[in-house]
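Asker: Structure, please.
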Amino acid sequence: MSLIAPTAAPEPVTAEPARAVNGSLLTQSWLDLTFLHWAADPADVAPLLPPGTRPDTLDGVTYVGLVAFRMHRVGWFRLPGVPYLGTFPETNVRLYSVDGHGRRGVVFRSLEASRLVPVATARLGFRLPYVWARMSIDRQDDTVTYTSARRWPGPRGVHSRISVRIGEQIQEPTELEHFLTARWGMHSEFFGRQMYLPNTHPRWPLHRAELTECDENLVAAAGLPEPVRAPVSVLYSPGVPVRFGGPLRPAGIPTP
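Answerer: Got it, this is the predicted structure:
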């Protein structure tokens, strides 16, 4: 029997890692990130989350995130990161979750990536909804543009084009900005069993950003209502190095 109540209160929102992460399953860096977020009704999000999790909310509201960035030098265990296959643009649609033990995390509804081998590996090995896409990231002065056009497994026509103008660095992020960015784990389902994959990284350096272009249908393709308003939060970060530990069992004990 678990020593933790199955409906434990969510852990605090923290800018620093919420827990120690032992071992090193994966290492990588997330660079040139843009975070777009829309407020969402928890009732719309709940059916899309894995069993054992519920929408994570702040003041009764949950959020849908569209996050575009450059994945840099993914490495396994303590091996050096791979320069070519481990470096590529990525854009994901994510939701915010909390499990019965109070652990906050994200749930990925889709992850576009431009390298076929990592896409196939993640789909087969981790059952993550990665898709192969034609992608680019272009930076001109203080403007960053991310483009994506889905290739496999489809459907064709799913795309995004996002441009932001980077503003000043945020010295004191708000509680909402921490809630949306400082997520210390991933909830998923692996062969019918709940999985929580913890991560750790330095505190996010965050900047204000102005959304200058947003043409996308990734959110709707992920099974969510199509955004009809501007995002409530637009942020940019130059990035952080990241380390993932081994999956945790439901009670929070690392798997062998």
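
Asker: From here on, just use CA atoms for contacts and neighbour counts.
Answerer: Fine.

Asker: Could I get the CA-only coordinates of the strand or helix carrying V240 as PDB?
Answerer: Using DSSP states H and E, V240 falls within strand 233-244. What follows is strand 233-244 as a C-alpha-only set of coordinates in PDB (Å, rounded to 0.1, in the frame of the first residue of the first chain):
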ATOM      1  CA  SER A 233       1.600  34.400 -21.900                       C
ATOM      2  CA  VAL A 234       4.500  34.800 -24.400                       C
ATOM      3  CA  LEU A 235       8.000  34.100 -23.100                       C
ATOM      4  CA  TYR A 236      11.400  33.500 -24.500                       C
ATOM      5  CA  SER A 237      14.400  31.800 -22.900                       C
ATOM      6  CA  PRO A 238      18.000  31.300 -24.300                       C
ATOM      7  CA  GLY A 239      17.800  27.900 -22.700                       C
ATOM      8  CA  VAL A 240      19.100  25.500 -20.100                       C
ATOM      9  CA  PRO A 241      21.000  22.100 -19.900                       C
ATOM     10  CA  VAL A 242      18.700  19.300 -18.700                       C
ATOM     11  CA  ARG A 243      19.100  15.900 -17.100                       C
ATOM     12  CA  PHE A 244      16.400  13.300 -16.800                       C
END
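
Asker: What's the end-to-end length of stretch 164-177?
Answerer: Stretch 164-177 has an end-to-end distance of 17 Å (criterion: C-alpha to C-alpha, to the nearest Å).

Asker: Report the buried residues of it.
Answerer: V164, R165, I166, P173, E177 (16 or more other C-alpha atoms under 10 Å).
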